[in-house]
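Student: Sequence and computational prediction follow.
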Amino acid sequence: MTTLRVFRWSPGEPERWQSYAVPAGQDTTVLDALVEIQRGQDPTLAFRYACRVGMCGSCAVVVNGRERWACRTRLTTLGRGPLSVRPLYHFPLLRDLVVDMTPFAEKLAAVGGTLTPGPGAAQSARVSSESRERRDIDAAVECIGCGMCVSACTMVASNRHFPGPAALNRAFTLQRDHRDAAKAERWSVLLSDDALARCHGQGNCTEVCPMGLSPATSIVRLRRMGTRRLLGFGPD
Ligand code: SF4
């Protein structure tokens, strides 16, 4: 048996930690344990999941103080003793382990996180996976929007205007995309006081990203591009 200490809160109630003992096999994941609790012990426990196989990122929580996806985290990898499970940081709490992801979408929108096709652009323009342009952003395109990097970012904690790692990582891919026609507008946001300049480079985002992305590297590369732009060395 393994004991999970789970954060509990619902509107109108005080916060509390509740302990549950669950049977744990070699391959039991944190998500398995939460499902076991909800089905067998406490149907009021709220948490979010969808794919169960490490694709959607919706089961992101903080386990033993670190952001992890519950479906891919085996209890046996977490050491002995009670495990703590709490919701992601820096998001409004809806209930128990469920947070409101609206700020994530808002921050993406604030940096112009969707492709703006240039005039005359084909309806669907393919960028070959072999092309230099595509390989250049390979390491940054697999974001699943789980929010773990935002939860781990201490600058997000202290500056509510800071776009956060996921949005800046997305902005990087778009600033390198020849099809996009909104680069100037995006630069005006990225080079403002509360964006690129605020990242302190601690790299917590890269450390916790379950997809192995490095938002910290994307931010460094954006800074280089932005500096070249400010000095008049490049079109970007
Ligand atoms: S960059 Fe990584 S940690 Fe951040 S939202 Fe995307 S997949 Fe999650």
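Tutor: On my side now, so go ahead.
Student: When you work out contacts or count neighbours from here on, use the C-alpha atoms and nothing else.
Tutor: Will do.
Student: Point out the residues in the chain that sit beside the ligand.
Tutor: Residues of the chain lying close to the ligand by C-alpha under 6 Å from any ligand atom are 143-149, 166, 209-211, 213, 215.
Student: element containing Ala157, please.
Tutor: Using DSSP states H and E, Ala157 falls within helix 154-158.
Student: Of all the residues in that helix, which ones are buried?
Tutor: Thr154, Met155, Val156 (16 or more other C-alpha atoms under 10 Å).
Student: just these now: which is nearest Glu13?
Tutor: Lowest distance from Glu13 to the buried residues of helix 154-158 (C-alpha to C-alpha) belongs to Val156, with 26.6 Å.
Student: what sits against that closest one?
Tutor: Val156 makes contacts with His90, Val150, Phe162, Pro163, Gly164, as judged by C-alpha atoms under 8 Å, 6 or more residues apart in numbering.
Student: now what about the longest helix seen in the chain, what contacts it?
Tutor: Longest helix in the chain by number of residues, with DSSP state H as the criterion: helix 215-230. Helix 215-230 has contacts (C-alpha under 8 Å, 6+ apart) with 140, 165-166, 168-169, 172, 187, 191, 196, 199, 201, 203, 205-206, 234-236.
Student: Now the buried members of those.
Tutor: The neighbour-count test (16+ other C-alpha under 10 Å) marks 140, 165-166, 168-169, 172, 187, 191, 196, 199, 203, 205-206, 236 as buried among the contacts of helix 215-230.
Student: got a pLDDT number for the residue nearest to Gly203 when sequence neighbours are not counted?
Tutor: Leaving aside its sequence neighbours, Gly203 sits nearest to Ala216 (C-alpha to C-alpha, 6 or more residues apart in numbering; 5.6 Å). Note on Ala216: pLDDT of 97.
Student: can you tell me the helix or strand for Ala21?
Tutor: strand 16-22.
Student: Can you list the neighbours in contact with that strand?
Tutor: Here strand 16-22 has contacts from Met1, Thr2, Thr3, Leu4, Arg5, Val6, Phe7, Arg8, Trp9, Ala33, Glu36, Ile37, using C-alpha under 8 Å, 6+ apart.
Student: picking that back up, output the buried ones among the contacts of helix 215-230 in CSV, with secondary structure appended to each entry.
Tutor: Output for those, formatted as CSV (DSSP: H, G, I helix; E, B strand; the rest coil):
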residue, secondary structure
Ala140, helix
Pro165, helix
Ala166, helix
Leu168, helix
Asn169, helix
Phe172, helix
Trp187, helix
Leu191, coil
Leu196, helix
Cys199, coil
Gly203, coil
Cys205, helix
Thr206, helix
Asp236, coil
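Student: and the gap between Ala109 and Ala167?
Tutor: As for Ala109, its distance to Ala167 is 8 Å (criterion: C-alpha to C-alpha, to the nearest Å).
Student: for the protein, what spans make up the strands?
Tutor: For the chain, the strands defined by DSSP state E occupy 2-8, 16-22, 60-63, 66-69, 83-86, 93-95, 98-99.
Student: Quickly compare these and say which is most buried.
Tutor: Comparing the strands of the chain by mean neighbour count (mean count of other C-alpha atoms under 10 Å), strand 60-63 ranks first with a mean of 25.
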